[in-house]
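1. need coordinates for the following:
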Amino acid sequence: MSVAEPRRIVLFRHAKADWPQVSDHERPLADRGRMEAAEAGRRLADTGIPFDLALCSTAIRTRETWKLAVQEFPQRPKTVYEERIYEASPGELIAVLNETPDDLRNVLVIGHNPGIQGLADILAGSAEDDARELMARRGFPAAAFAVLSFTGTWKDVEPGVASLDDYWVPTD
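-> As a prediction, the model looks like this:
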């Protein structure tokens, strides 16, 4: 693949989690979260992006979100459950993305706030239509995702390198 061809990063926050008496890492999805995860999966499938890789936090709620969302995809991408995504800062998420092999074009990251929203904010040097304004107004609620594109290698992922092409939140 040429480095001139655009690559995409989709940042996907886990769906609504429940609050049982378990550690934060072990929190499952709430009923609403299960519905939102499937809805987000349908919307992600509708983008037509052929994902090469999904990087998912090891937390129960992200794993459940991914399991429900990916059922809506025409083809399941390779999935890597990455401990470093749990509670990761934007800089830590960039470090994970920088390790992506250059033969991959489209990567989905399933993670947590504030890292996911922070990464979307700092990567987006430009934005399509009103995506940035909408993201600033709505924040990054559970099950939201942002689609960013950039040219170059995965080692080139750094603040301001990408365009925010799409932003989606589940309906209230």
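2. let's verify the residue nearest to the spatial centre of the chain: helix, strand, or coil?
-> Nearest to the mean C-alpha position of the chain, by C-alpha atoms, centre = their mean, lies residue 11 at 2.1 Å. Using DSSP: H, G, I helix; E, B strand; the rest coil, the secondary structure recorded for residue 11 is strand.
3. tell me the first helix or strand C-terminal of the top helix by length along the chain.
-> Determined from DSSP state H, the single longest helix within the chain is helix 31-46. As assigned by DSSP states H and E, the chain's next helix or strand after helix 31-46 is strand 53-56.
4. could you list the residues in contact with that following strand?
-> 62-63, 66, 70, 77-82, 85, 96-97, 100, 104, 106-111 (C-beta atoms under 8 Å, 6 or more residues apart in numbering). Heads up, the C-betas are built off the backbone N, CA and C, glycines and all.
5. can you list contacts of the helix or strand that it is followed by?
-> Toward the C-terminal end, the helix or strand that comes next after strand 53-56 (DSSP H and E) is helix 60-70. Outside helix 60-70, the residues within contact range by C-beta under 8 Å, 6+ apart are 12, 14-15, 17, 25-29, 33-34, 37-38, 40-41, 44, 54, 56-57, 76-77, 79, 81, 85-86, 110-112, 143.
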